[in-house]
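Novice: Let me see the structure of the following:
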Amino acid sequence: MLCRTAVVGLLLWVSTVASAVAAAARGDYAERAEVEAFIDRVSRKHGFDAQALRTLFGGVRRQDSILKAISRPAEAKPWYQYRRIFLNPDRIQGGVRFWNEHADTIARAAREYGVDPEIIVAIIGVETLYGKRTGRYRVLDALATLGFDYPKRGEFFRGELEQFLLLTREERMDPTAIKGSYAGAMGMGQFIPSSYRAYAVDFDGDGRRDLWDAEDAIGSVANYFKRHGWKADAPVAVEARVEGKAFRELPRKGTKPVVPVSMLASHGVRPVSGALDGVSKVVFLEYDKGPARKEYWIGFDNFYVITRYNRSPLYAMAVYQLSREIAEARTKAGRSGAR
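Specialist: Coordinates of the predicted model:
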């Protein structure tokens, strides 16, 4: 049984869908059996109007460019190429400007959620260049394309499509108008629909969770990290040096800290700087520094938390290194300005 508020929201959503796609030409997902099965399931499960969903999917288009994009993600690049995408003057200086422009909001988010401010800034910098690149695909098209025409992860994206329909109803959004990445991620922090519903916050208090708004995006990124176990002021990663060949025996699958610290020294691995006091388990990381050259890092719990945002260890290292560069550049700029 839907409550009165939910019923009102549903009626408004149906009206929005009807007006948005009434004149649309028949799309690529009209009358497909698997789409009809999806519509039947979510309408019964969540109280959607089945005919409104048929109308909605009647205007959805398959995007072959999305299928091409997901087959060649940036994370497939070697580290020395991937790093250049994010560790450059535009993102570093852009991060300083973004931080300065939203200093009060970032400070409040860091304080309320216990997340280091430079990490909040770096995430938004890596994801969307501080809101400049939030995506050009209709999220509805993206999720339908991947849900029904990408068998490798179709179940996952059909789940996100279901979450997207719920999100647009809850937030009274036009599902045909929202744009995002080729994978259906939205806003300045690029939340997929399930993450949007679970972790987005109304940080500016206007009654809406709007991830295209800087204030809401900052608070939402901080909330995401808090909910996944971020520890403020705790280490993220430290560069390591290796001796001999025993280090090759250390587990290197995944990003969760599973290697006992006691194993590092016995396998010829030592941090370049600092000690590992108070740390019980770490992750041993290897990156391509260049053709036939490697660099090694020791990752801690906070490094693993970054990978809860994106599972790639390349992504996590890029966020971490960008955060340090931004913080250092902002500190230098502050010192220069004080002279």
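
Novice: got the contact list for Lys77?
Specialist: Leu314 (Cβ atoms under 8 Å, 6 or more residues apart in numbering). To be clear about C-beta, it is placed using only N, CA and C from the backbone, and glycine gets the same treatment.

Novice: Count the neighbours of Gly254 for me.
Specialist: Look at Gly254: counted by other Cβ atoms under 10 Å, it has 12 neighbours.

Novice: Just say helix, strand or coil for it.
Specialist: coil (DSSP: H, G, I helix; E, B strand; the rest coil).

Novice: got a list of what it touches?
Specialist: Val283.

Novice: which one's the longest strand in the protein?
Specialist: Ranked by number of residues, the top strand in the chain under DSSP state E is strand 281-290.

Novice: Quick one: residues in contact with the next helix or strand after it.
Specialist: Next along the chain after strand 281-290, taking DSSP states H and E as the criterion, comes strand 293-299. When contacts are defined by Cβ under 8 Å, 6+ apart, strand 293-299 is touched by residues 79, 236-242, 247, 255, 257, 264, 269, 271, 276, 282-289, 313, 316-317.

Novice: Would you mind checking the average pLDDT for strand 293-299?
Specialist: Mean pLDDT, computed over strand 293-299, is 96.

Novice: quick revisit: which elements pack onto the longest strand of the chain?
Specialist: Strand 281-290 is packed against helix 79-86, strand 259-260, helix 261-266, strand 293-299, helix 301-307, helix 313-338, with contacts defined by 3 or more Cβ pairs under 8 Å, 6 or more residues apart in numbering; DSSP states H and E.

Novice: for the ones you listed, which one sits closest to Tyr113?
Specialist: Tyr113 lies closest to helix 301-307 among these, at 12.3 Å (Cβ to Cβ).

Novice: chain center to the longest strand of the chain, what's the gap?
Specialist: Offset of strand 281-290 from its chain centre (Cα atoms, centre = their mean, to the nearest Å): 22 Å.

Novice: mind listing the strands in the stretch 1-150 of the chain by residue range?
Specialist: Remark: strands assigned in the stretch 1-150 of the chain by DSSP state E, counting those that start in this stretch are 137-138.

Novice: what are the ranges of the helices in it?
Specialist: 4-21, 33-46, 50-57, 64-70, 79-86, 89-101, 103-113, 117-128, 139-149 (DSSP state H, counting those that start in this stretch).

Novice: so the second one versus helix 50-57, what angle?
Specialist: Translated: helix 33-46. 130 degrees (axes from the mean of the first three to the mean of the last three Cα atoms, to 10 degrees).

Novice: Can you give me the buried ones in helix 33-46?
Specialist: By 16 or more other Cβ atoms under 10 Å, the buried positions in helix 33-46 come out as Val35, Glu36, Phe38, Ile39, Val42, Ser43.

Novice: Turn those into JSON lines, including distance to Ile66 and pLDDT.
Specialist: Listed next are the buried residues of helix 33-46 as JSON lines, based on distance: Cβ to Cβ, whole Å; pLDDT from 0 to 100:
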{"residue": "Val35", "distance to Ile66": "17", "pLDDT": "97"}
{"residue": "Glu36", "distance to Ile66": "22", "pLDDT": "96"}
{"residue": "Phe38", "distance to Ile66": "18", "pLDDT": "97"}
{"residue": "Ile39", "distance to Ile66": "21", "pLDDT": "97"}
{"residue": "Val42", "distance to Ile66": "21", "pLDDT": "97"}
{"residue": "Ser43", "distance to Ile66": "25", "pLDDT": "97"}
